[in-house]
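> would you be able to build a 3D model of this:
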Amino acid sequence: MRTQKSKPLSEAHSEIGPTIRQLRMSFGGKGITQAELAQALNTTPHTISRWETGVHRPCLADIESLARFFGIPIERMFPQAEIPSQMRVLINAAAGLDETGLQEVIRYALFQLATRNMTK
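Model prediction:
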């Protein structure tokens, strides 16, 4: 049996679409439609389609919502990904947050990136 080499997280992010589709199509043994998944996540079928085809990538809060909906660890959304240990800690910490908490973490991360870019 051949093992696949792990991919950097940035490359693995591009594989989220096929993972979402596979999880959706096998959910509950018979699958659900994009519309049903969209309703469960309070979004639109068009958004689900764009995630699955890779036109648009879901944000961390959306990935967390998907993992919760499908009842899987968030790491499973990134098949064969090399997730740095600090990122794994962040993901595990964020897993227990509600939507408001996730949005606060995202805003803080974006603030840190903007601040770092301003000082360069």
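
> can you map out the strands along the chain?
For the chain, the strands defined by DSSP state E occupy 7-8, 81-82.

> rank these by pLDDT, which is bottom?
Lowest mean pLDDT of the strands of the chain: strand 7-8, a mean of 45.

> distance of the residue nearest the centre of the chain relative to Gly29?
Centroid-nearest residue in the chain, with C-alpha atoms, centre = their mean: Ile63, separated by 2.6 Å. Between Ile63 and Gly29 the computed distance is 24 Å (C-beta to C-beta, to the nearest Å). (C-beta placed from N, C-alpha, C; glycine too.)

> nearest residue to Arg88 other than its sequence neighbours?
Glu75 (7.5 Å; C-beta to C-beta, 6 or more residues apart in numbering).

> do the same with Ser49
Leaving aside its sequence neighbours, Ser49 sits nearest to Gln34 (C-beta to C-beta, 6+ apart; 5.7 Å).

> what stretches of this protein score poorly on pLDDT?
Within the chain, the ranges that satisfy pLDDT under 70 run 1-14, 79-83, 120.

> residue boundaries of the helices in it?
Assigned by DSSP state H, the helices in the chain fall at 9-12, 16-26, 34-41, 45-53, 60-70, 85-94, 99-118.

> wait, doesn't Ile48 sit right on Ala38?
Yes. With contact defined as C-beta atoms under 8 Å, Ile48 counts as touching Ala38 (5.0 Å).

> who has more neighbours out of those two?
Taking other C-beta atoms under 10 Å, Ile48 and Ala38 do not tie; Ile48 has more neighbours (25 against 17).

> residues touching the more buried one, list them.
Applying C-beta atoms under 8 Å, 6 or more residues apart in numbering to Ile48 gives the contacts Ile20, Arg24, Gln34, Leu37, Ala38, Leu41.

> now do the contacts for the closest residue to it other than its chain neighbours.
Distance criterion C-beta to C-beta, 6+ apart; nearest residue to Ile48, sequence neighbours excluded, is Gln34 at 4.2 Å. Neighbouring residues of Gln34 by C-beta under 8 Å, 6+ apart: Arg24, Pro45, Ile48, Ser49, Glu52.
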